[in-house]
Structures are given as structure tokens and as C-alpha cells.
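Peer 1: Quick one, structure for this:
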Amino acid sequence: MVFRQDGERASAVPSPTGPVGATFFPHFSRDNPAARALLHGVKALLPSELGEPFYEGSVQRLHAVPGDDSIMVTRTTSRGSVFDVGALFEISGNDVNRALFRHVLYSRLGDAAVWRRVRGAIEAAPELDPSYRAELLGPLLERCCERGARTHHEGMLDALTGEVVRSGVPANPSACNVVRKFQILKPERTRFLGVPLFDYAKFPHADGFVVPLEYIVRFGITSASSVFKKYAAMEARVKAAFERELGATRPLEAWQYLERPISDFTSKFEPEDRMVSKQEALVMSGLSGAQFAESGTLAVLGAWAVRDLVEEIGLRLWDLKWEFAKDGDELVFVDTIDTDSIRATMALETAAGRFAIHYNKQAMRDYFVLLHRDWIADIAEAKLLGQREGVAFTEILKAGQAEGRYAATPAVDPAFLALQEAKMAAIRDHLVAADGAEAVRARLEAAGREELAFYEGRGALGELRKINGI
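Peer 2: Modelled structure (predicted):
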């Protein structure tokens with residue numbers, strides 16, 4: 001499990017033992033009888049009796065499990081973070097909503113029947129390039145169709161009984177999931193002629209660790225995609241090389257679905273996320289070439305399982321991010337996967353045009369971009385200075401705010417938060433089968449139309465059209 005310091009950035013609890021840059025967790029494997037016996041010995045664990053967390057971030061807390069150091073409990077909060085600056089808002093009920101999404105999705109990844117659905121979806125996807133389709137329909141997918149995929153997820157705690165529910169949804173869903181621990185290694189800081197660098201030399205010699213990369217899978221390109229923003233700023237001659245690096249078959253356009261989904265990578269344990277080439281990602285990963293290639297394919301296949309889940313309620317999945325742990329010769333899905341780490345939309349027709357409405361954290365990002373531009377500009381400047389100096393930009397931002405040079409962190413309009421609450425509640429009701437797919441789809445559309453009315457009432461609908469008009 002990767003600890004998130006602010007909901008988007010990763011950090012680890014310092015280890016009282018072991019070398020600098022490493023946090024050691026007992027290595028757990030399903031093939032370890034002693035660890036398996038301990039895990040199965042956890043019958044009930046009341047959320048109210050978890051005690052103080054051993055780590056507390058801005059959007060989730062981590063709790064130890066008495067008698068079993070191979071697992072821990074993640075307690076999701078209702079708070080949200082955007083732009084890597086920490087918790088900025090709170091969406092009522094989203095603690096349970098996000099924990100449920102993780103529980104349901106990770107449970108599905110372990111289910112061979114779900115992978116057989118994924119195989120059928122890939123075979124039927126009309127936009128896919130035939131050669132790309134053939135690559136996905138290979139031995140790795142067949143293994144998943146036979147026995148499912150490995151994940152760090154062990155179940156959700158029932159809020160009232162404390163039962164560890166491993167299949168299905170608890171009668172009383174909680175904000176608490178039980179997950180297995182994996183070792184977190186961090187690259188060593190170094191410098192080359194004054195330029196800050198990071199040394200990943202120890203990773204190939206380790207095992208049972210979280211791969212120091214974020215795997216981003218893009219089924220399409222939205223106006224807010226980081227790769228699209230980078231691409232749009234390039235000169236024409238540079239764009240072609242960037243397209244080849246991404247694996248794109250044609251020039252990138254906003255709101256374009258791809259015949260070859262794109263996989264790209266960012267650094268995981270550096271002060272700021274840094275986009276890296278596939279070649280650099282291989283070197284950083286600590287994996288063999290074959291295992292790295294397998295991890296990239298697994299990321300795309302897993303994204304299809306998420307796509308299958310959200311398409312049931314009328315949403316289109318654009319992109320998401322994964323993380324993996326290396327466990328011997330196997331790869332394990334780890335970290336968070338919820339509406340904060342995916343980008344899914346619904347297209348709505350209006351008299352003012354066709355809009356893509358976001359049902360994920362992108363809606364909050366757009367809110368700040370459209371209504372608090374001065375603050376967004378200050379964040380961009382602080383990030384640029386942070387990259388130049390090799391330090392966390394949040395330190396620069398906070399110092400600038402304290403001195404009055406940067407805008408104060410803005411509050412979110414309660415009416416907008418209520419709309420996000422309605423969206424997330426609808427998705428939750430689908431996950432617990434409290435509402436059918438058609439009813440949930442109608443609720444999501446209604447919330448989306450209210451969001452358009454919100455922006456229109458504040459004179460920002462035209463600006464919204466510029467970024468989310470299709």
C-alpha cells in the first residue's frame with residue numbers, strides 16, 4: 001500500500017530501522033502459510049476500536065491490525081485534494097463512497113469471471129486497432145480469465161459488526177478496507193553539476209516492494225489530460241516524436257477516443273510527479289524487461305475492468321492510474337482506485353452546446369480553474385520554482401501565501417459540493433445494488449445538468465464550454 005500525504009502525492013512513514021530511503025513492511029504472500037493463517041485469523045475488527053492511526057494523511061488514515069503486521073486498515077476520509085496541495089474540500093459521505101468503489105473494484109479484479117467479461121469487451125471494442133487487440137488477447141489475459149489477478153485488497157470492514165467482508169458488499173459499508181502491506185523504497189537523492197537527480201540503483205536488487213511508478217492508461221484524450229497540455233505546447237516537429245513515444249497512431253485531439261489506448265508513466269517517490277519515457281520507466285522500475293512489459297499490459301487490462309464497471313451506468317472512461325508491487329515473479333495491483341483516480345464523463349446535449357460532465361475529481365479541478373484563476377496561476381509558478389530547486393512546491397506556495405505574494409487557498413461553494421455529493425451518492429447506490437443502472441444513469445444526468453446551471457448562474461458557462469465543450 002502506498003501512503004498518500006495529500007491525496008495525490010506519495011510518501012512513506014519513516015522506518016525506525018533499515019537504511020535511509022526504505023520503509024520495511026513484513027513481506028506477505030498468499031503462499032506464506034504463517035501469514036495466511038494470521039490473515040484468516042482476523043474475524044472481526046470494529047472501525048470504532050481501531051485506535052489511533054500510525055499514519056494520517058489529508059485524505060486517508062492507516063491503522064495497524066492487532067496481531068497481524070502483514071496487513072493494515074485504510075480509513076478513507078470525506079476530504080478531497082487537487083493540484084497536490086492537500087485537503088481543500090469535503091464531500092459528505094464520500095469516505096464510504098470511495099472505500100466502496102475500491103472494495104468492489106478490487107474484488108472484481110480477483111474474479112476470473114470479470115476478466116472473461118473484459119476479454120469479451122476487448123474483442124467487441126469497435127475502435128481498437130486489430131494488432132493492438134491481438135496483443136491484449138494474449139497469455140496474460142488468459143491467466144486472469146482462469147484465476148483472476150492478484151491485488152493487495154483483503155476486504156472491507158462492516159461498520160457495525162467489524163466483520164472482514166471479502167466478497168460482496170457488507171450489510172453496513174464502512175470507510176475501512178483491509179489491505180496487505182508491501183515494502184516502500186525511495187530513490188536516493190544525488191546531484192550532477194548542481195542539477196538534482198534520483199538514484200534508483202537499489203530497486204533491481206529488492207523484492208516485495210511498490211514499483212516507483214504511476215502507470216497512466218488513457219482510452220482517450222480530454223482537454224485536461226496532462227499529455228494533451230504538454231503536446232499542445234510543442235512545436236510541430238517535436239509532436240511527431242512525442243506521438244511515437246506515447247504509441248499514438250495520429251495527432252492528439254481533445255475528446256478523442258483512441259484506437260490504441262496510450263500508456264504513459266510518472267515518477268512516484270520524487271518531490272513532484274515527473275513524466276518519464278518508457279525506457280526510463282523500465283530502468284526506474286526495478287523490474288526485468290519482461291516483467292515491466294507485463295506490468296504495462298496488466299495496467300491496460302485492469303483499466304478495461306474499470307471501464308466495464310462505469311459503462312454500466314452510462315459513463316465513458318477516459319483515463320486512470322495504477323500502481324503495482326513486485327512479489328517475486330508476480331505483479332500485484334496496489335494503492336487506491338476510486339473516483340479520485342479515474343476520469344469518467346457523461347456527454348450532455350444543451351441549447352448552449354454539447355458538454356462533457358465529469359463524475360470524478362476533475363469536476364473539482366475545473367471548479368478552481370474556472371472560478372479561482374489567480375490561485376491556479378500561483379500554484380503553477382510555485383511548481384516551476386520547486387522543480388528548479390528540487391524541493392516540494394507546497395513549501396514555496398505556503399511561504400508565498402504567508403508573505404501575501406500568493407492568493408490564499410479558496411473555499412468551495414457549498415452548492416457545488418452538494419452537486420458532487422449527489423453524483424457520488426448515485427455511484428455508491430449502484431455499487432451496493434440499491435439502485436438499478438438505468439435509475440443511476442438518470443440521477444447522474446440530472447446532477448450534471450444542475451452543474452451546468454450552476455456555472456451559467458455564475459457567468460462561467462462560456463468558459464466551461466472552452467474546456468469541456470465537445
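
Peer 1: name the element Phe333 belongs to?
Peer 2: Assigned by DSSP states H and E, Phe333 falls within strand 330-334.

Peer 1: For that strand, which outside residues touch it?
Peer 2: With CB atoms under 8 Å, 6 or more residues apart in numbering as the test, strand 330-334 has contacts from 1-2, 106, 109, 149-153, 179-180, 182, 210, 291, 294-295, 298, 302, 322-326. Any C-beta I mention is one placed from the backbone N, CA and C, and that applies to glycine too.

Peer 1: quick one: buried residues of whichever helix or strand comes after it?
Peer 2: Next along the chain after strand 330-334, taking DSSP H and E as the criterion, comes strand 342-350. For strand 342-350, the buried set under the neighbour-count rule, 16 or more other CB atoms under 10 Å, comprises Ile342, Arg343, Ala344, Thr345, Met346, Leu348.

Peer 1: And the pLDDT for the residue nearest to the spatial centre of the chain?
Peer 2: The centroid of the chain falls nearest to Ser341 when counting by CA atoms, centre = their mean (2.8 Å). Ser341 is assigned 88 on the pLDDT scale.

Peer 1: could you check the distance from the residue lying closest to it once chain neighbours are set aside over to Leu105?
Peer 2: Residue nearest to Ser341 in three dimensions, not counting chain neighbours: Lys321, with 5.5 Å by CB to CB, 6 or more residues apart in numbering. According to CB to CB, to the nearest Å, Lys321 stands 13 Å off from Leu105.

Peer 1: Gly120: neighbour count?
Peer 2: Using other CB atoms under 10 Å, Gly120 is surrounded by 11 other residues.

Peer 1: my bad, should have said Pro66
Peer 2: Neighbours around Pro66, by other CB under 10 Å: 11.

Peer 1: Report the contact partners of the residue lying farthest from the centre of the chain.
Peer 2: The C-alpha centroid of the chain is most remote from Leu193, which lies 35.0 Å away (CA atoms, centre = their mean). Leu193 is in contact with no residue at all, counting by CB under 8 Å, 6+ apart.

Peer 1: so where's the stretch 251-400 of the chain uncertain?
Peer 2: Judged by pLDDT under 70, the stretch 251-400 of the chain has no weakly predicted residues.

Peer 1: For it, which segments count as helices?
Peer 2: Taking DSSP state H, counting those that start in this stretch as the test, the helices found in the stretch 251-400 of the chain are 278-285, 289-311, 362-371, 373-389, 393-402.

Peer 1: what does the second one contact?
Peer 2: Counting by CB under 8 Å, 6+ apart, helix 289-311 makes contact with 104-105, 108-109, 114-115, 117-118, 121-122, 135-136, 138, 140-141, 144, 149, 211, 215, 217, 219, 261, 263, 278, 281-282, 285, 287, 316-317, 320, 322, 324, 326, 329, 331, 333, 337, 342, 344, all of which sit outside it.

Peer 1: Pull out the buried positions in stretch 246-259.
Peer 2: Leu246, Ala248, Leu252, Ala254, Trp255, Gln256, Leu258, Glu259.

Peer 1: And for stretch 187-197?
Peer 2: For stretch 187-197, by 16+ other CB under 10 Å, it's Pro187.

Peer 1: Against Val104, how distant is Thr339?
Peer 2: From Thr339 to Val104 the distance is 12 Å (CB to CB).

Peer 1: When the two are compared, which one has more neighbours?
Peer 2: Thr339 (25 against 20).

Peer 1: any low-confidence regions in the stretch 1-150 of the chain?
Peer 2: In the stretch 1-150 of the chain (pLDDT under 70), the answer is 1-43.

Peer 1: redo that, cut-off 80
Peer 2: Along the stretch 1-150 of the chain, segments meeting pLDDT under 80 span 1-44, 58.

Peer 1: Ile342 is in contact with Trp322, correct?
Peer 2: No. Trp322 lies out of contact with Ile342 (CB atoms under 8 Å); the separation is 10.3 Å.
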